[in-house]
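> all I have is the shape, not the residue letters:
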DNA sequence: CTCCCGATAT
DNA sequence: ATATCAGGAG
């Protein structure tokens, strides 16, 4: 079984396991998803979901966030880690959306990554989940680990991994494959102690039983 | 490459 | 004590 065939099989099996893919992050607007995803850097979704309700009650609109006091944002997002960067970036992003994009979260990769604290991973999540647009495959810590373990890439740089993955899946599947690998990674194939014995992909996994 | 950084599991 | 968690920027 070659790389392409393995990718096709992985998609098919995980699509069966996750019939309705939606993010574990709580959100109701593109801006809320952008904030939640930005806060999720090196932090669990569970933790982010405790912080975002406080954030959006304090600053309901993008304009509110743009006018917020950075020190106050730092307090609210502190528990997610990297809180100084995240607070500064969110205010800057909100300000830029108000000043440059007319108060609407932009809908292209090129525009999104001009926002502070937003790179390809966060942009891809917002595009696919909030706008139904697939311009890239979000490569986060789970996708990185799973793509390597399942033999879909040998690279370590997220940008290179994304280039390896894109030709393996139809564009309409790019948002889903991210979701599948993230959830499968959490539930069955975590960084520590992967459950190879009970894994439904163990028959096609090159790294089965390793590490 | 380094730095940013708190919360939780092991 | 250490590894890991839906990364991004200098």
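Happy to help now that I have it. Note that the structure is a prediction, hence the values are computed from the model and not measured.
> and the helices in chain A, which stretches?
With helices called from DSSP state H, chain A shows them at A:3-17, A:30-39, A:45-58, A:62-66, A:70-77, A:83-100, A:109-112, A:120-130, A:141-149, A:158-165, A:174-187.
> possible to save those helices as JSON lines with mean neighbour count?
In short, each C-beta sits where N, CA and C put it, glycine included. Output for those, formatted as JSON lines (neighbours: other Cβ atoms under 10 Å):
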{"stretch": "helix A:3-17", "mean neighbour count": "15"}
{"stretch": "helix A:30-39", "mean neighbour count": "24"}
{"stretch": "helix A:45-58", "mean neighbour count": "16"}
{"stretch": "helix A:62-66", "mean neighbour count": "18"}
{"stretch": "helix A:70-77", "mean neighbour count": "16"}
{"stretch": "helix A:83-100", "mean neighbour count": "19"}
{"stretch": "helix A:109-112", "mean neighbour count": "16"}
{"stretch": "helix A:120-130", "mean neighbour count": "24"}
{"stretch": "helix A:141-149", "mean neighbour count": "20"}
{"stretch": "helix A:158-165", "mean neighbour count": "18"}
{"stretch": "helix A:174-187", "mean neighbour count": "21"}
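> next, format these as JSON lines and append distance to residue A:23 and mean pLDDT.
Shown next, in JSON lines, are these (distance: least, Cβ to Cβ, whole Å; pLDDT from 0 to 100):
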{"stretch": "helix A:3-17", "distance to residue A:23": "16", "mean pLDDT": "97"}
{"stretch": "helix A:30-39", "distance to residue A:23": "7", "mean pLDDT": "98"}
{"stretch": "helix A:45-58", "distance to residue A:23": "8", "mean pLDDT": "97"}
{"stretch": "helix A:62-66", "distance to residue A:23": "20", "mean pLDDT": "98"}
{"stretch": "helix A:70-77", "distance to residue A:23": "18", "mean pLDDT": "98"}
{"stretch": "helix A:83-100", "distance to residue A:23": "18", "mean pLDDT": "98"}
{"stretch": "helix A:109-112", "distance to residue A:23": "16", "mean pLDDT": "98"}
{"stretch": "helix A:120-130", "distance to residue A:23": "6", "mean pLDDT": "98"}
{"stretch": "helix A:141-149", "distance to residue A:23": "13", "mean pLDDT": "97"}
{"stretch": "helix A:158-165", "distance to residue A:23": "19", "mean pLDDT": "97"}
{"stretch": "helix A:174-187", "distance to residue A:23": "7", "mean pLDDT": "97"}
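> nearest to residue A:205, out of those?
helix A:141-149 (6.7 Å; Cβ to Cβ).
> does that closest one reach DNA strand C?
Yes - using Cβ under 7 Å from any atom of the strand, we find that helix A:141-149 touches DNA strand C at A:141, A:142, A:145.
> cool, and stretch A:184-200?
Yes - judged by Cβ under 7 Å from any atom of the strand, stretch A:184-200 and DNA strand C are in contact via A:185, A:186, A:190, A:191, A:192.
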